[in-house]
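**Q** One predicted model, sequence on top.
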Amino acid sequence: MKSLLRQTAVLIGLALLPSIGQALYYRDKVSWQTPVAASEMLTLAQARGAADLIWIDARPEEEFERERVPGALLLNEDRWNELLPQVLAIWAPEKRVVVYCSSESCGSSREIAHRLRKEAGLTNVFILEGGWEAWKKEKP
């Protein structure tokens, strides 16, 4: 009986090794561990009260085609290189860029906003607090 328990414990331990290794390797790379700074967030009320906004939808294309914020542009990880030029064509330093994805917990808006700041050199890039869910809830 002790032998069976020992073998079971060893098998469970071996089965957990890959996940433990992955958790250790990616511990600093998980987006939900790093909260978005308040200065990078914009509430729906703030966005509605602002002029000169560029809405960026970071969701998959199928969701974008189904329904989106009026006037929003699609820009997601899958088609970054292809879609970025259309964003840059209408961007100006005085404009605010508001990126949203499905919900506040969705990491796509964070990643797209980060890339717009770092890779494209855009300023005034914000993430919509609550994402698409917030927009749908408060839809005008």
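**A** Received, thanks.
**Q** make it CA atoms for all contacts and neighbour counts henceforth
**A** Will do.
**Q** where are the low-confidence patches of the protein?
**A** Scanning the chain for pLDDT under 70 picks out 26-35, 139-140.
**Q** what residues go with each domain of it?
**A** Following the assignment in automatic domain parsing, the chain carries domains at 1-30, 35-137.
**Q** and those, which is most packed in?
**A** With neighbours defined as mean count of other CA atoms under 10 Å, the domains of the chain peak in mean count at domain 35-137, which reaches a mean of 17.
**Q** chain center to it, what's the gap?
**A** Relative to the centre of its chain, domain 35-137 is centred 9 Å away, using CA atoms, centre = their mean, to the nearest Å.
**Q** Equivalent analysis for stretch 11-18, please.
**A** That offset, for stretch 11-18, works out to 32 Å (CA atoms, centre = their mean).
**Q** With just CA atoms, put it into CSV.
**A** In CSV, the C-alpha atoms belonging to stretch 11-18 read as follows (Å, rounded to 0.1, in the frame of the first residue of the first chain):
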residue,chain,number,x,y,z
LEU,A,11,3.6,10.4,-10.9
ILE,A,12,1.7,13.5,-9.7
GLY,A,13,5.0,15.2,-9.0
LEU,A,14,6.3,14.4,-12.5
ALA,A,15,3.0,15.5,-14.1
LEU,A,16,3.3,18.9,-12.3
LEU,A,17,6.9,19.6,-13.2
PRO,A,18,6.1,21.2,-16.7
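**Q** Let me see the contact set for Leu128.
**A** 41-44, 47, 98-100, 104 (CA atoms under 8 Å, 6 or more residues apart in numbering).
**Q** With distance to Gly71 as new columns, can those be given to me in a markdown table?
**A** Output for the contacts of Leu128, formatted as a markdown table (distance: CA to CA, whole Å):
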| residue | distance to Gly71 |
| --- | --- |
| Met41 | 20 |
| Leu42 | 18 |
| Thr43 | 18 |
| Leu44 | 15 |
| Ala47 | 14 |
| Val98 | 12 |
| Val99 | 13 |
| Tyr100 | 13 |
| Glu104 | 21 |
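**Q** and of those, the nearest to Arg66?
**A** Comparing the contacts of Leu128 against Arg66 with CA to CA picks out Tyr100 as the nearest, at 15.2 Å.
**Q** Tell me where this protein has helices.
**A** Under the criterion DSSP state H, the chain contains helices at 2-25, 44-48, 61-66, 80-90, 108-118, 131-137.
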